[in-house]
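Asks: below are the sequence and a predicted model; questions follow.
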Amino acid sequence: MILVIVYLFILQFANSTRNLCIQEKFLDILPKLHCSESFALPKFTPGVPGNYEPYPPPPQGGDPTVIPNADKKIDIYEYGMSMTTSDSIPLDRPIKDYRHRACQYWNYPDQLPLTSVVIAFHNEGLSVLQRTIVSIINRSPQRTLREILLVDDFSSIGSYPHLGEKLEAWIARHTKVRLIRNGKREGLIRSKNIGVKEAKGEVVVFLDAHCEVGINWLPPLLTPILRDPHTLTVPIVHPIDHTTFGFSNVYRKNSRPVGLWEWGLLYKESQDLYDGPEANLTSPYPSPLHAGGLIAFNREYFLSVGGYDGGLRVWGGEQYDLSFKIWMCGGRVLWVPCSWVGHVYRKFVPYDFGEGVALSRNEDIVTGNLRRVVETWFDEEHLEYFYTRLPTARYLPLDDLSKVKKFRETCKPFSWFMKEVASMVYDHFPKLPRNTEWGQILLDEQQAFHWGSNCKEPPCQIDSRTGRIFKIGFRLNQAGQLGLGERCLVPIHSSENIILQIQACPRGSVDGGWRYDRTRKLMMHRSPGSEEEMLCAQFTGDREFIQLKHCDGNRKQRWLWKN
C-alpha cells in the first residue's frame, strides 16, 4: 500500500513538473531543469503524412494570369502591382506546394500556442489584402489561429474608399478578423509594434498585406517557439509576380538559404547545398538575419526586448535591428524550411513616407535608419566598414540613442556575434579597406561634367554628363576597388575601345586595379592583360562613354574628386 502511495505521488509530481515545463516555456519563470529535452520536439515519420497535413492533398495552382497590357494600366502605378490581375483571381485560389517532399512527414505538438497574425497596411489594394486573409484562414489550424489583426496605418480613405466601409463589412463576416486604425501615419515599423501590443495571441506572426501562405505553414513556424520562447522563426519566402501574380521558386533544391548582408546593409542570401538526411534538411536552422517582415515570435518576449526600435522611421533597417538584438541579447533566429509564404514584391513603392517626408527623400529615411542600427549595435571596427561603404551616411542626422544603448549594454558584443553566429558574412563580403577617395568624379577643366549613367539595372556603361549626379557617389578603396553603391566599375572591350561598365562586384573580393594620382589628377587602371601598364580614364564628349586610353596626362584625362 505504501509503495502504491509513493508511486502515485511520483506520478502526480511528474505531471505537475510537466505543466511547469510548459509554463516555463512561455513565462520563463522556472529553471530549465524542469523540462524534458523532448518537450515540444516534432516527430519525423518517413512515408507517413504528419498530423497537420491536409488530406487529401489540395490541388496545385498559382500559375501566372496574363491579362493584355496589365503592366501598363494605371492601377499598377497606384499600387505597385496590377489590381486588374488580382481582381480577376479567386480569393481562395489553389497554390503550388514548394516544400521539400519530406516536410509532409513531420508531426507537430497537438497543443500549439494561440496565434495572432498581425498585418499592417497603408493604401493597399482590396483583393490582395482579402486574399492574404483568406489564405491564412484556409491554411491554418483553426484551434491555433486566435485572430488576424489588421492595422490600418492611416490610409487615405477618400482616395481609397474600398478600405473604408467596404472592408469593414467584409471583415464583419469573418469572426477571427479584427481591424484597428491609426489616428495618424505611424509607418510600418511602429504600426507593427502597435499591433503586437493589441494582439491577443501568445505568439504573433507578422505578414505583409500582399501575401499568400503555403500549405501547413503555421505548425512548423510555431513549434520552435513553443520549445524556447526566445526564438524568432522565419518562413521561406517565394515571390509572387506583381503583374501576373504567378508564383516562382528562387531556391535551389536541397539548399538551406540564410540571411546575410553586405557592408552597406543591403540584404543578401547564401544558398549552401545540404546533402544530409531529409529530416535534417527540413528542420529549422540558425541564420544571422531574418528575411524582412515575415516572422513569428512569442509576444511577451518581443515586448520584453523592446520590440522594433521605435526610433526607426517608417520602414527600413528593422530586420537588422531585431536580428542583432535577438542574437546578441540571448535569443536565436531560426529559418523554417517547411513553412513558406508567397509575397508580392511591388514594382515600386507607390506612396510617400508620410507627413513632412517627400517621396524623393525616402532613400534618406532608409539610410538614416541603417545608421541608427549600426550606431546601436556595431562595434568601432564594423562601424567603419559601414561608413566606408556609405560615406555620406556619416553626415545624416542621428536622433537620441541613450535608451537603446542602455539596453544594448546588457547584451553580448558585436564581435561575439560575428564570430559565433555570422562568421560566414566575411566569406561573401570581406572586411573593407578604407577609402582613399569618395564623392563625385568631375572633369578638372570643366567641372560641370561628371561621371554618370542612365543605368537602371546593371550592367550598363559610364559616360560623362552634366546635370543630375549620382546621389550615393563613387568610392575608391586602398585595394583599388572603384565602387558605386554595391556595384563595381570595371573596364570592358567595346569594338576597338575600352570603356567602363557598372556591374556586380565579385563576391568575396575587395580589390579592383584602380588608382588615383592626386598630383596629376589621373584615374588609372591596369591595362587588361598587363600587370605593369596603366591606362587612364579619358573624357570623350558630352554623353559619350568614358574610355581608357594610354596615359599622356592631357587635360581630358584630368579628373577631380569632390564630396
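Replies: Okay, I see it. Numbers count the residues shown, from 1 in each chain.

Asks: touching stretch 509-519 from outside, list them.
Replies: Identification of contacts with stretch 509-519 by CB atoms under 8 Å, 6 or more residues apart in numbering yields 430-433, 436-437, 476-477, 479-482, 488-490, 522-526, 534, 559, 561. C-beta: built from backbone N, CA, C; applies to glycine.

Asks: low-confidence stretches in this structure?
Replies: The chain contains residues with pLDDT under 70 at 1-38, 351-363, 468-470, 528-531.

Asks: if we use 50, what do you get?
Replies: Scanning the chain for pLDDT under 50 picks out the ranges 1-35, 356-362.

Asks: quick check: closest non-adjacent residue to the residue most central in space within the chain.
Replies: Central residue check for the chain by CA atoms, centre = their mean: the C-alpha nearest the mean position is that of Gly292, 2.8 Å away. What sits nearest to Gly292 in space, not counting adjacent residues and going by CB to CB, 6 or more residues apart in numbering, is Gln319, at 5.7 Å.

Asks: before we move on, what about Gly183?
Replies: Gly183 sits nearest to Phe154 (CB to CB, 6+ apart), 7.3 Å away.

Asks: number of residues surrounding that neighbour?
Replies: 17 (other CB atoms under 10 Å).

Asks: before we move on, which element is it in?
Replies: Under DSSP states H and E, no helix or strand contains Phe154.

Asks: am I right that it is in contact with Arg181?
Replies: Yes: at 7.2 Å, Phe154 and Arg181 qualify as touching, with contact defined as CB atoms under 8 Å.

Asks: what's the spacing between the residue nearest to Gly183 and Trp315?
Replies: Counting by CB to CB, to the nearest Å, the gap from Phe154 to Trp315 is 14 Å.

Asks: just Gly331 next, same as before
Replies: 22 Å.

Asks: likewise Ser415?
Replies: In terms of CB to CB, Ser415 sits 29 Å off from Trp315.

Asks: same check on Met534?
Replies: 45 Å.

Asks: do Leu560 as well
Replies: Counting by CB to CB - Leu560 and Trp315 are separated by 37 Å.

Asks: same question for Thr45.
Replies: 41 Å.

Asks: and for Cys211?
Replies: Taking CB to CB, one finds Cys211 at 16 Å from Trp315.

Asks: neighbouring strands of the longest strand along the chain in the sheet, and parallel or not?
Replies: Taking DSSP state E as the criterion, the chain has its longest strand at strand 332-344. Paired neighbours of strand 332-344 in the sheet (DSSP bridges): strand 211-213 (antiparallel), strand 231-240 (parallel), strand 285-286 (antiparallel).

Asks: Lys406: which of these is closest?
Replies: Using CB to CB as the measure, strand 231-240 is the one of those that comes nearest Lys406, at 22.1 Å.

Asks: any idea what Val177 is bridged to?
Replies: Ile148.

Asks: was I right about it contacting Leu150?
Replies: Yes: assessed by CB under 8 Å, Val177 is found in contact with Leu150 at 6.9 Å.

Asks: joint contacts of those two?
Replies: By CB under 8 Å, 6+ apart, the residues touching both Val177 and Leu150 are 133, 171.

Asks: more neighbours: the two, which one.
Replies: Using other CB under 10 Å, the more surrounded residue of Val177 and Leu150 is Leu150, with 24 against 21.

Asks: now do the helices in the stretch 401-550 of the chain.
Replies: 402-408, 414-420, 424-428 (DSSP state H, counting those that start in this stretch).

Asks: an error on my part: the question was meant for the stretch 251-400 of the chain.
Replies: 278-281, 299-304, 318-328, 362-377, 380-389.

Asks: ok, now the stretch 101-250 of the chain?
Replies: 126-138, 165-171, 188-198, 218-227.

Asks: please work out which of the ones you listed is packed deepest.
Replies: helix 218-227 (a mean of 24; mean count of other CB atoms under 10 Å).

Asks: residues touching the closest residue to Leu114 other than its chain neighbours, list them.
Replies: Nearest residue to Leu114, sequence neighbours excluded (CB to CB, 6+ apart): Arg146, at 4.1 Å. Contact partners of Arg146, counting by CB under 8 Å, 6+ apart, are 114-116, 176, 200-201.

Asks: what about those residues, which are in strands?
Replies: Per DSSP E, the subset of those in strands is 115-116.

Asks: between the longest strand of the chain and helix 126-138, how many degrees?
Replies: Angle, strand 332-344 to helix 126-138, by axes from the mean of the first three to the mean of the last three CA atoms, to 10 degrees: 130 degrees.

Asks: could we number from 14 for the rest of this?
Replies: OK, 14 is where the count begins now, so the last one is strand 345-357.

Asks: in strand 345-357, what's buried?
Replies: By 16 or more other CB atoms under 10 Å, the buried positions in strand 345-357 come out as 345-357.

Asks: any idea how far it is from the chain center?
Replies: Relative to its chain's centre, strand 345-357 lies at 12 Å (CA atoms, centre = their mean, to the nearest Å).

Asks: before we move on, what about stretch 344-356?
Replies: Distance, centroid of stretch 344-356 to centroid of chain: 12 Å (CA atoms, centre = their mean).
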